[in-house]
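1. predicted model and sequence follow; I will ask about them next.
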Amino acid sequence: MNRIILYRSMYLLFIPVFMFIAILACAGTALLETPLYICSTDVPLPTTTTLVGTPPPTGVPPATPYIIMPPSDFYVGDAVFIGGQLSPLRVRLRLQTVQITPQAGNEQVVQWQLEVANVGQEDYEIFPSVQLFVSEVNGVTDTWGSTQDAGDVVGIAVDSDLYQLGAGQTDVYQLAALTTVGSDIRFSFQLNPAQGTNSPVMTWVNQTNPYCSGDVAA
């Protein structure tokens, strides 16, 4: 009898662990390759000295890719690709339309969109309201996640489910968070949500790209 009770106790003890593992397994598809934003910029030719009678250099310098990758921040509107062009799992993420709505007290609602395109061959699952959050406001670091309460303030429905995108599918998710006051905002995205707080992240700042625009990768 004692042995039966012991086995039953051990079984009950392990149920939460199995449930926790199951929840993590359903948190979204892990992205293991390096996020990249690539755009084309011209690099000027260095100053050169030519002898009299020597024909000047011909042609123009080739376009040199301008690349952003973690731990550097991406910018609003950057098309960030994760996965090479031959990778079965390849997605494009783009942070868009960040808006700030002041609230009473030392609070504000930050509203934004995340465009996700599955440009690979495998299905991709994402939990945007969990994986993408405000992580810094005016130098203050914290975790401000998306909530429907924040969405209600600005009149949007926050996309708070787990979503699956098939090959070639693109979707745009509406997100909003109640944060401390400030306009210098950093967003963090968990690349491997099953790892929770140990997940590697990529980050955006609430600025347009000051260096270039346009995308090389397709």
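-> Structure received. Numbers count the residues shown, from 1 in each chain.

2. dihedrals phi and psi, residue 165?
-> Backbone geometry at residue 165, expressed as degrees, to the nearest 10, gives phi -110, psi 120.

3. surely it and residue 124 touch.
-> Yes - proximity of residue 165 to residue 124 meets the contact threshold set by CB atoms under 8 Å, at 5.0 Å. The way it works is simple: take the backbone N, C-alpha and C, and place the C-beta from them, glycine included.

4. who's more crowded, those two?
-> Legend: neighbour count by other CB atoms under 10 Å for residue 165 and residue 124, higher for residue 124 (23 against 19).

5. what pLDDT does the more buried one get?
-> Looking at residue 124, its pLDDT stands at 95.

6. distance check, residue 166 against residue 130.
-> Residue 166 sits at a distance of 21 Å from residue 130 (criterion: CB to CB, to the nearest Å).

7. wouldn't residue 111 be in contact with residue 157 here?
-> No - here residue 111 lies out of contact with residue 157, judged by CB under 8 Å, at a distance of 11.8 Å.

8. looking at this protein, which helix or strand is least sure?
-> helix 2-25 (a mean of 37; mean pLDDT, DSSP states H and E).

9. list residues touching both of residue 165 and residue 124?
-> Both residue 165 and residue 124 are contacted by 91, 116, 118, under the criterion CB atoms under 8 Å, 6 or more residues apart in numbering.

10. residue 208 contacts residue 74, correct?
-> No - in this structure, residue 208 is not within contact of residue 74 by CB under 8 Å, at 11.2 Å.

11. so which of these two has more stuff around it?
-> More crowded of residue 208 and residue 74, by other CB under 10 Å: residue 74, with 25 against 10.

12. for the residue nearest to the spatial centre of the chain, give me phi and psi.
-> Closest residue to the average C-alpha location of the chain: residue 189 at 4.1 Å, with CA atoms, centre = their mean. For residue 189, the backbone dihedrals (degrees, to the nearest 10) come out as phi -120, psi 120.

13. quick one: it from residue 152, how far?
-> For residue 189, the distance to residue 152 equals 24 Å [CB to CB].

14. could you do residue 168 as well?
-> Using CB to CB, residue 168 is found at 33 Å from residue 152.

15. between those two, which one's more packed in?
-> Using other CB under 10 Å as the criterion, residue 168 and residue 152 rank with residue 152 on top: 13 against 10.

16. help me confirm that that one is found in a helix?
-> Yes - the assignment for residue 152 is a helix, going by DSSP: H, G, I helix; E, B strand; the rest coil.

17. from what I can see residue 118 touches residue 170, true?
-> Yes - using CB under 8 Å, residue 118 makes contact with residue 170 at a distance of 7.4 Å.

18. between these two, which is the more surrounded one?
-> A count of neighbours by other CB under 10 Å puts residue 118 above the other of residue 118 and residue 170, at 23 against 13.

19. let me know the pLDDT of the more buried one.
-> With respect to pLDDT, residue 118 has a value of 97.

20. may I have the beta-bridge partners of it?
-> In this entry, residue 118 is beta-bridged to residue 91, by DSSP bridges.

21. can you show me the helices along the chain?
-> Ranges of helices within the chain are 2-25, 128-131, 148-154, based on DSSP state H.
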